[in-house]
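# Give me a 3D structure for the following:
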Amino acid sequence: MTKTDSLDDWLSTQPTKVHRRSKRLMEVVRDAYPIGVPALIVKSQTDRLGDSGGYAFHLGTPDDVLRRICSWLLTHGEESVLLELVQELWKRHGREDVALAALLLANLQTVGNVWIQLGELIGASSTAEALLLSIEECLRAKHEEPGEELLVDWCQRSLAHSHLALLVCHAAWIRAKRPPLSPVLIDLFRNIDYPDGDSLLVRVRDQMLNS
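Numbering: from 1, shown residues only. Just a heads-up that it's a prediction; the model follows:
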């Protein structure tokens, strides 16, 4: 039986009632991650490849499997429950969990401003990888990038939100062929706190401010 058949068959056996509660859906998707996936790649591997906005991630569960799980959830679930699931997935901080949360958030139709929703999800322990996964999926889903007002608000809110503002701006900046930043954003990004050393955040900042 193929990987596709085994996952589809297993998902088709799930009762309709699992879609009524986010905690039950959490159990279902966690069980779905390894179905049909060779044991040697279930364990998460290299976190990040590429730079200059070319972000890509290796996950224990392949991207195509996560997208098919996401499609099943969107097809059968209620968006209010799925938004609760996004919050539950984000709290776990696992690579597959964060990637699935990013896919769901980017494709829900009734969440309003997806960037405001993302800002409400993150906390002090949010990693750059988690932020980048969510940002890339939201932009890939053709959500309009956040305006400068929201970026300024994030920079004034917390360190994690400042880093979110930086990474969102960088991803949009790359897509827009690297236009000049406004003086307001230059000042904000120059003055937020960064990790010591040659971190991803420092490289992103320097790429935008020194272009």
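# Now the longest helix that the chain contains: buried residues?
The longest helix of the chain (DSSP state H) is helix 159-175. Applying a neighbour-count criterion of 16 or more other Cβ atoms under 10 Å, one finds 160-174 buried in helix 159-175. From N, CA and C alone the C-beta is placed, and that goes for glycine too.
# repeat for stretch 95-110
By neighbour count on 16+ other Cβ under 10 Å, the buried set for stretch 95-110 is 95-108.
# nearest to Ser125, of these?
Proximity of the buried residues of stretch 95-110 to Ser125 (Cβ to Cβ) peaks at Val98, which lies at 11.7 Å.
# Name the helix or strand for the closest one, please.
helix 95-107 (DSSP states H and E).
# re earlier: closest one of the buried residues of helix 159-175 to Gln207?
Using Cβ to Cβ, the buried residues of helix 159-175 come closest to Gln207 at His170, 7.2 Å.
# wouldn't the closest one be in contact with Val202 here?
No - look at His170 against Val202 with Cβ atoms under 8 Å: they stay out of range, at 11.9 Å.
# What number of neighbouring residues does Gln14 come out with?
Gln14 sits with 16 neighbouring residues when counted by other Cβ atoms under 10 Å.
# do Lys142 as well
7.
# In a helix, it, correct?
No - applying DSSP: H, G, I helix; E, B strand; the rest coil, one finds Lys142 to be coil, outside a helix.
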